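Visitor: Sequence and computational prediction follow.
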Amino acid sequence: DFDCGELCEYIKSPECHIQELFINKRSSTIYPPTEIHAFIESLKVNTSIRSLRISHHIVELDHIISISDITTIDTLEISHQIWHEGSLFQEALPKILTLCSSIKILKLLFNPFGNDGASVLAESLKTNNTLEILNLNNNRIGNRGASALAESLKVNNTLQRLKLSNNYIGFEGVNTFALC
């Protein structure tokens, strides 16, 4: 387990030359949202970190908005999340694509947001012009979500790779991509 205060101070220091940072839950500790927010705020000062991975923590809407201010990050992975229910979930997913303009690779893995989350992301993909790789493996996306994503690819011409392994997409959903 890390001391969030000490890590934040190190990340802000000129001695920090880390390029990839992975914050993962260890043992039974889940860092409270206030500590995750402080950590993300410290990244705004750092210019070396290019890749941020957050796993097994509570990601809130203000975290996503704070991440969008970090212009050096081009790879963002948010996995195994404990998403708060309701409108926060519906707001957070599209904010990732609309606010994080420096992100070229986005990995949302093992976040069971299903068809509804895929549909929300699909709407944001229609206007996103920076994302090149989107990995949505293991998110319980079915045919309806696949169809929404396929429709978004008709207008998005920057996305080069979309990964959808280990979801619930059947022949009908796969066929919608063939029709793009």
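Guide: Structure received.

Visitor: Quick check: next helix or strand after the lowest-mean-pLDDT helix or strand in the chain?
Guide: None of the helices or strands of the chain scores lower by mean pLDDT, DSSP states H and E than helix 87-99, at a mean of 69. Using DSSP states H and E, the helix or strand that follows helix 87-99 in sequence is strand 105-109.

Visitor: Residues in contact with that next one: which ones?
Guide: Here strand 105-109 makes contact (C-beta atoms under 8 Å, 6 or more residues apart in numbering) with 53, 74-80, 93, 96-97, 100, 121, 131-139. To be clear about C-beta, it is placed using only N, CA and C from the backbone, and glycine gets the same treatment.

Visitor: In helices, which of those appear?
Guide: Cross-referencing the contacts of strand 105-109 against helices under DSSP state H gives 93, 96-97, 121.

Visitor: could you pull out the strands for this structure?
Guide: Applying DSSP state E to the chain gives strands spanning 20-24, 51-55, 75-79, 105-109, 133-135, 161-163.

Visitor: on that earlier part again, just the buried ones from the contacts of strand 105-109?
Guide: By neighbour count, with 16 or more other C-beta atoms under 10 Å, the contacts of strand 105-109 hold 53, 74-79, 93, 96-97, 100, 121, 131, 134-139 as buried.

Visitor: can you pull the contacts of the residue lying closest to E172 once chain neighbours are set aside?
Guide: Distances taken as C-beta to C-beta, 6 or more residues apart in numbering put N143 closest to E172, at 4.6 Å, once the chain neighbours are dropped. Going by C-beta under 8 Å, 6+ apart, N143 touches 115, 168-170, 172-173, 176.

Visitor: ditto for S152
Guide: Counting by C-beta under 8 Å, 6+ apart, S152 touches 122-123, 125-126.

Visitor: where in this protein is pLDDT low?
Guide: Applying pLDDT under 70 to the chain picks out residues 1-2, 25-31, 57-61, 82-90.

Visitor: if you set the cut-off to 50 instead, what comes out?
Guide: 27-28, 84-86 (pLDDT under 50).

Visitor: how close does G145 sit to N166?
Guide: G145 sits 13 Å away from N166, going by C-beta to C-beta, to the nearest Å.

Visitor: Compare the two (neighbour count), which wins?
Guide: G145 (27 against 14; other C-beta atoms under 10 Å).

Visitor: Excluding covalently adjacent residues, which one is nearest to that one?
Guide: Nearest non-adjacent residue to G145, counting by C-beta to C-beta, 6+ apart: A118, 2.9 Å away.

Visitor: The one you found and L136 touch, don't they?
Guide: Yes - contact criterion C-beta atoms under 8 Å: A118 and L136 qualify, at 6.9 Å.

Visitor: Between those two, which contacts overlap?
Guide: L149.

Visitor: Help me confirm that V174 comes into contact with S147.
Guide: No - with contact defined as C-beta under 8 Å, V174 does not count as touching S147 (10.2 Å).
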